[in-house]
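1. turn this into a structure:
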Amino acid sequence: MKYIFYGVLIVFVSCQKNKPFETEKEKAIHSDTSHLQLVIELTNTDTIPIETTATQKPKNTPHNDSSHREETPSYQLAKSTIKARRNALAKAYNHLRGDNAKGHFLDSVSFIFKDFLINQIIPYWYGTEWDFNGFTETPKQGKIACGYFVSTTLKHVGLNLNRYKLAQQNPENEAKMLAIDEQNQLKISDLKSGFYFVGLDYHVGFLLVEGGNKYFIHSDYFSGEVKKERIETSRGFRSSTYFVTKLTENRALMKRWLTSQTIEILQ
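-> Just a heads-up that it's a prediction; the model follows:
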């Protein structure tokens, strides 16, 4: 299946082409569309096939740390492919001139980031066993707590972060760390289509809004596994407080993803 949403980048390119250029600055932006076209070619490829079961026997480290298991070849391939495409996007970003052009580019990139995470990283984790103390780094091998599910998948998609320290934050601080310059208490009823981090009273996960529906993606302590479910029927989504920050169209976060800048830990 081809990534449909890459049309966002194509629209961005076409808009730049059709725009009446009045200044040298705008002409410079127009000249950079060739870099965007290159990005489209590099990223508009088939999805890496998802394996439903692990194919390699788990191996513990000398310190008996079950979080460091051998990954399946296809998961390794997914991560390395994402890294290569992220590097291509970073090169295109670095060639752009002007805050307006860079801002629109980062917005488009955020949907590529979302697709990588939702379609190439998270699916491997569905069915991985939940445990309050779980911190495995390998899908379906070992156990994973809710905070580590979030921090590990974000790290594997390419964000430069300490997955241990992020997972150990309280939900509000975790939202603040990922929000960077954005709000971290968005109203769930007001959310538009996109991908979000959500922190609850004692739980965290991802919130996907698409097609008029809202889905909670998390390591669920009720069912005991990583899953995706409608928020209306999710017992794990019940909370008196919600800390919601956007991941799509979060320009500061996307810049850090492209440039490998560290996500700062709140003290």
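2. could you use CA atoms for every contact and neighbour count after this?
-> OK.
3. where do the helices sit along the stretch 51-200 of the chain?
-> 73-95, 99-115, 122-125, 146-156, 163-167, 171-179 (DSSP state H, counting those that start in this stretch).
4. give me the number of residues near residue 204?
-> By the criterion of other CA atoms under 10 Å, residue 204 has 32 neighbours.
5. for it, give me its contacts.
-> Residues near residue 204 by CA atoms under 8 Å, 6 or more residues apart in numbering: 146, 147, 150, 171, 197, 198, 218.
6. ok, residues contacting stretch 152-166?
-> 79, 82-83, 113, 116-117, 121-122, 137, 147-148, 151, 174, 256-257, 260-265.
7. are any of those residues buried, and which?
-> 79, 82-83, 113, 116-117, 121-122, 137, 147-148, 151, 174, 257, 260, 263 (16 or more other CA atoms under 10 Å).
8. from the helices of the stretch 51-200 of the chain, which stretch is densest packed?
-> Most buried of the helices of the stretch 51-200 of the chain, by mean neighbour count (mean count of other CA atoms under 10 Å): helix 146-156, with a mean of 24.
9. restricting to C-alpha, output that one in CSV.
-> The C-alpha trace of helix 146-156 is given here as CSV (Å, rounded to 0.1, in the frame of the first residue of the first chain):
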residue,chain,number,x,y,z
CYS,A,146,2.6,2.0,29.5
GLY,A,147,5.3,4.7,29.9
TYR,A,148,7.9,2.5,28.4
PHE,A,149,5.6,1.6,25.4
VAL,A,150,5.4,5.3,24.6
SER,A,151,9.1,6.1,25.1
THR,A,152,10.4,3.0,23.3
THR,A,153,8.3,3.5,20.2
LEU,A,154,9.2,7.2,20.0
LYS,A,155,12.8,6.3,20.4
HIS,A,156,12.6,3.6,17.7
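10. SS state for residue 207?
-> strand (DSSP: H, G, I helix; E, B strand; the rest coil).
11. relative to residue 195, how far out is it?
-> Here residue 207 is placed at a distance of 6 Å from residue 195 (CA to CA, to the nearest Å).
12. also residue 239?
-> Going from residue 239 to residue 195 by CA to CA gives 19 Å.
13. neighbour count: those two, which is higher?
-> Between residue 239 and residue 195, counted using other CA under 10 Å, residue 195 has the larger neighbour count: 26 against 12.
14. wait, what's in contact with that one?
-> Contact analysis of residue 195 by CA under 8 Å, 6+ apart lists 114, 206, 207, 208, 209, 246, 247, 248.
15. contacting residues around the fourth one?
-> Residue 208 is in contact with 193, 194, 195, 196, 214, 215, 216, 217, counting by CA under 8 Å, 6+ apart.
16. what does the last one give?
-> For residue 248, the contacting residues are 107, 110, 111, 113, 114, 194, 195, 196, by CA under 8 Å, 6+ apart.
17. again, only using 6 Å
-> Residues near residue 248 by CA atoms under 6 Å, 6 or more residues apart in numbering: 110, 111, 194, 195.
18. roughly how far apart are the residue lying closest to it once chain neighbours are set aside and residue 192?
-> Leaving aside its chain neighbours, residue 248 sits nearest to residue 110 (4.8 Å; criterion: CA to CA, 6 or more residues apart in numbering). Going from residue 110 to residue 192 by CA to CA gives 14 Å.
19. can you tell me how far residue 159 sits from residue 264?
-> The value you get for residue 159 to residue 264, if CA to CA is used, is 11 Å.
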